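**Student:** What shape does this take:
(chains A and B)
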Amino acid sequence: MTDSLSGATDDSDLTSLHSRHLVEAIRVDHLNKVFRQKHYSSIKRAVFNLLRAEKVVNYPALTDLSFSVPQGQTVAVIGRNGSGKSTLLGILARVYRPTSGRVDLLNPQGNAARIAPLLSLGAGFHLDLTAEQNIVFYGAILGLTPKEIAKKRDEIVAFSELEDKMDTALHGWNDGAKLRLGFSIAVHIDPDILLVDEVLAVGDEAFQNKCYRFIAQLQRAGKTILFVSHDLSVVERVANRILWLQNGVIRMDGSVEEVLTAYREDAKSAPPPPNPRPQNPGEGE
Amino acid sequence: MSLMTWCLMTTPMREQFLELWGRRWLLRQFVARELYVRYKNSAFGFVWSIVPPIVQVIVYTFFIRSTLGVRAENYSAYLLCGLIPWTFFYAATLDAAHSLLTNKDIIKKVYFPREIVPLTYVSSNFIHFLLGWCIFSIWFYGIKGLPLLWEMLLFPLVTLQLLIFVVGMSLWLSCLSVFYEDVKFIYQTFVNLLLFVFPILFMADNVWYWALSSGRPWLYRIYMLNPVASVINAYRHVMLERLPPKSLNLKGTPLDMDWSSFAVSFVLTILFTLAGYAYFNRRKWEFVERER
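**Tutor:** Predicted coordinates:
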């Protein structure tokens, strides 16, 4: 495994309540992800393709990626569109299966971690259900039992500041309110690892600040956070470490200042990336 | 059943099944959501799941009595023994065929065992199915006073076969229609014909005498391997008394229940569903990578 922690350990030295570094939170070992584009959309084409050699187009989204994240660290993943950020997050959230390689997500005790993926604005919500029902459903998707959800319910509602809307269906809600509810649920299920994909950009400033305060609280509690963002000010504010992906490989991995300096330098000077790939399903941007 | 146990003990199917079992609470949530959303905006709610089959039975009874001259008493009970399982099979498999596409937003964002999606539609339709039998029992045993038979104890066994078959069919259809969109349309078109292929509007006995008279009795044996035909036939023998001779324009006496044929059909059903589960599990990771 490449020693990808250099430069990051000092910076991540937060006041953690837990004894850290006993078990790594995220261990990614020689991870490859290739999206194959050969799927037939119709039986007709499938039958015709029996007769001739099928043409398979492979898009390597991630190539031989290895890194590990100690417990309690907050890692920002940056990179241009199509660099593999969302694919990486999707694999960590178990939405995609790696083509090869190994991914382990562990809690401080060394067991399988509870993951809270905040991959998109309220993906688990059903607009016909009330907020109350959505909390139960979303919680169940994230792996909570009814008792656990009932226990967390009040905290979630209080944090989201949506008490008066709890009995209304989500139909008429604006995006900001849905985001608040989604964020509140995801962070209150007591995850070991929080995966965030570019969602903090929505919501008013007051709620954003509240989210940052809560994230800081999670960081102090020793939770591991991995997030994708294009907003470098967010990265600067929250992260202890940056993973810079380019064309599916790690371009740079290190402390926030170090990587951001190089990244900004690169954005100024670099021409557009060679051979831009078509959007693959991993890049929902 | 030992075969099933053996198959489930082989990894990775066993692991997949244990994982699914561990998330049964989520399945319950999916079903609750599905039922809630379906009836949320209708004034009569659940009533809508029983009115259509009742209307169907009235229409069919009238139609068959007047055109085929069937003179059996309580003939609607025999029709319902075919229509209740048929409606479950029809609605559940059609819903399941669309299920992965309907729920693709959530599948693309969060991990959970994907089988839960088609199983949601099987479960919600299964609830309607059981409700249908409740109303059937109240009407025919409570009000019409049809006799209760000891064979009714076999009702759960017959239902189990139907359920296993619908699960298998749903797994196959939901998975295949992700990769081949034609599957959905082909199925939608041809499933309606099955209403006239399965012994729903007529009796399995009719098929037997037809096969006999055409000199190919083995056709009947093959026909009864079909799980839906086998289940409907079994329901009629388990829930109701034998039809009186001559009531159906049969060329002979009505048949006894053939449990050995039922058993063969049951085993085939289990194999079919296990194969569907294995296929689903093999391909479930590709659902999200499918371009559309």
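
**Student:** Can you name the element that comes right after the helix or strand of chain A with the lowest mean pLDDT?
**Tutor:** Ranked by mean pLDDT, DSSP states H and E, the weakest helix or strand in chain A is helix A:43-51, scoring a mean of 65. Scanning forward in sequence from helix A:43-51 by DSSP states H and E, the next helix or strand is strand A:57-70.

**Student:** Show the average pLDDT along that following strand.
**Tutor:** Along strand A:57-70, the predicted confidence averages to a pLDDT of 88.

**Student:** Also stretch B:284-292?
**Tutor:** 75.

**Student:** For that stretch, list every residue counted as buried.
**Tutor:** B:Lys284, B:Phe287, B:Val288, B:Glu289, B:Arg290 (16 or more other C-beta atoms under 10 Å in any protein chain shown). The C-beta positions use only the backbone N, C-alpha and C, and glycine is treated the same way.

**Student:** Which ones among those also lie next to chain A?
**Tutor:** Checked against chain A using C-beta under 8 Å from any C-beta of the partner chain, the buried residues of stretch B:284-292 yield the following neighbours: B:Val288, B:Glu289, B:Arg290.

**Student:** what residues are up against A:Arg264?
**Tutor:** With contact taken as C-beta atoms under 8 Å, 6 or more residues apart in numbering or on different chains, A:Arg264 is in contact with A:Leu232.

**Student:** Residue ranges in the chain under the pLDDT threshold?
**Tutor:** All of this refers to chain A. Low-confidence regions of chain A, defined here as pLDDT under 70, cover residues A:1-22, A:37-56, A:119-123, A:198-203, A:270-285.

**Student:** my bad, the chain I had in mind was chain B
**Tutor:** Scanning chain B with the threshold set as pLDDT under 70 gives B:1-11, B:45, B:67-72, B:245-251, B:291-292.

**Student:** can you pull the contacts of the residue nearest the centre of it?
**Tutor:** The C-alpha lying nearest the average C-alpha coordinate of chain B belongs to B:Phe89 (C-alpha atoms, centre = their mean; 3.2 Å). Residues in contact with B:Phe89 (C-beta under 8 Å, 6+ apart) are B:Leu162, B:Phe165, B:Val166, B:Met169, B:Val228.

**Student:** Okay, and it sits in which element?
**Tutor:** Under DSSP H and E, the secondary-structure element containing B:Phe89 is helix B:75-102.

**Student:** what comes into contact with the following helix or strand past that helix?
**Tutor:** Beyond helix B:75-102 on the C-terminal side, the first helix or strand identified by DSSP H and E is helix B:104-107. Outside of helix B:104-107, the residues within contact range by C-beta under 8 Å, 6+ apart are A:Val95, A:Ala123, A:Gly124, A:Ile141, B:Leu100, B:Arg114, B:Val117, B:Phe287, B:Val288, B:Arg292.

**Student:** Now do the helices for the stretch 151-285 of chain A: every range, in order, please.
**Tutor:** Assignment of helices within the stretch 151-285 of chain A using DSSP state H, counting those that start in this stretch yields the ranges A:175-188, A:205-220, A:232-238, A:256-269.

**Student:** Any buried residues in the last one, and which?
**Tutor:** Using 16+ other C-beta under 10 Å as the test for burial, helix A:256-269 gives A:Val256, A:Glu258, A:Val259, A:Leu260, A:Tyr263.

**Student:** among those residues, which are in reach of chain B?
**Tutor:** On the criterion C-beta under 8 Å from any C-beta, none of the entries of the buried residues of helix A:256-269 sits beside chain B.

**Student:** need those in CSV with distance to A:Gly82, can you?
**Tutor:** Written out in CSV, the entries for the buried residues of helix A:256-269 read as follows (distance: C-beta to C-beta, whole Å):
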residue, distance to A:Gly82
A:Val256, 23
A:Glu258, 24
A:Val259, 19
A:Leu260, 20
A:Tyr263, 16
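
**Student:** ok, back up a step: most neighbours per residue, which of the helices of the stretch 151-285 of chain A?
**Tutor:** Relative to the other members of the helices of the stretch 151-285 of chain A, helix A:175-188 carries the highest mean neighbour count by mean count of other C-beta atoms under 10 Å in any protein chain shown, namely a mean of 22.

**Student:** quick one: contacts of that helix?
**Tutor:** Helix A:175-188 is contacted by residues A:116-118, A:121-122, A:124-125, A:131, A:134-135, A:138-139, A:142, A:152, A:155-157, A:159-162, A:165, A:170, A:194, A:199, A:202-204, A:207, A:211, A:214-215, A:218 when judged by C-beta under 8 Å, 6+ apart.

**Student:** Out of the residues you listed, name the ones that lie in strands.
**Tutor:** Judged by DSSP state E, these include A:Ala116, A:Pro117, A:Leu118, A:Leu194 as members of strands.

**Student:** For the first one, grab the count of nearby residues.
**Tutor:** For A:Ala116, the neighbour count with other C-beta atoms under 10 Å in any protein chain shown is 26.

**Student:** wait, it sits on A:Pro191?
**Tutor:** Yes - using C-beta atoms under 8 Å as the test, A:Ala116 is close enough to A:Pro191 to be in contact (3.5 Å).

**Student:** where do the contact lists of those two overlap?
**Tutor:** Common contacts of A:Ala116 and A:Pro191, defined by C-beta under 8 Å, 6+ apart, comprise A:Leu142.

**Student:** quick revisit: kindly identify which of the ones in strands among the contacts of helix A:175-188 also come near chain B.
**Tutor:** On the criterion C-beta under 8 Å from any C-beta, A:Pro117 are the entries of these that sit beside chain B.

**Student:** Can you say which of the ones in strands among the contacts of helix A:175-188 are buried?
**Tutor:** The neighbour-count test (16+ other C-beta under 10 Å) marks A:Ala116, A:Pro117, A:Leu118, A:Leu194 as buried among the ones in strands among the contacts of helix A:175-188.

**Student:** so what's the last one up against?
**Tutor:** In other words, A:Leu194. Remark: with contacts taken as C-beta under 8 Å, 6+ apart, A:Leu194 is in contact with A:Ile115, A:Ala116, A:Leu118, A:Ala186, A:Val187, A:Leu218, A:Lys223, A:Thr224, A:Ile225, A:Leu226, A:Phe227.

**Student:** give me the beta-bridge partners of it?
**Tutor:** In this structure, A:Leu194 bridges to A:Ala116, A:Ile225 when assessed by DSSP bridges.
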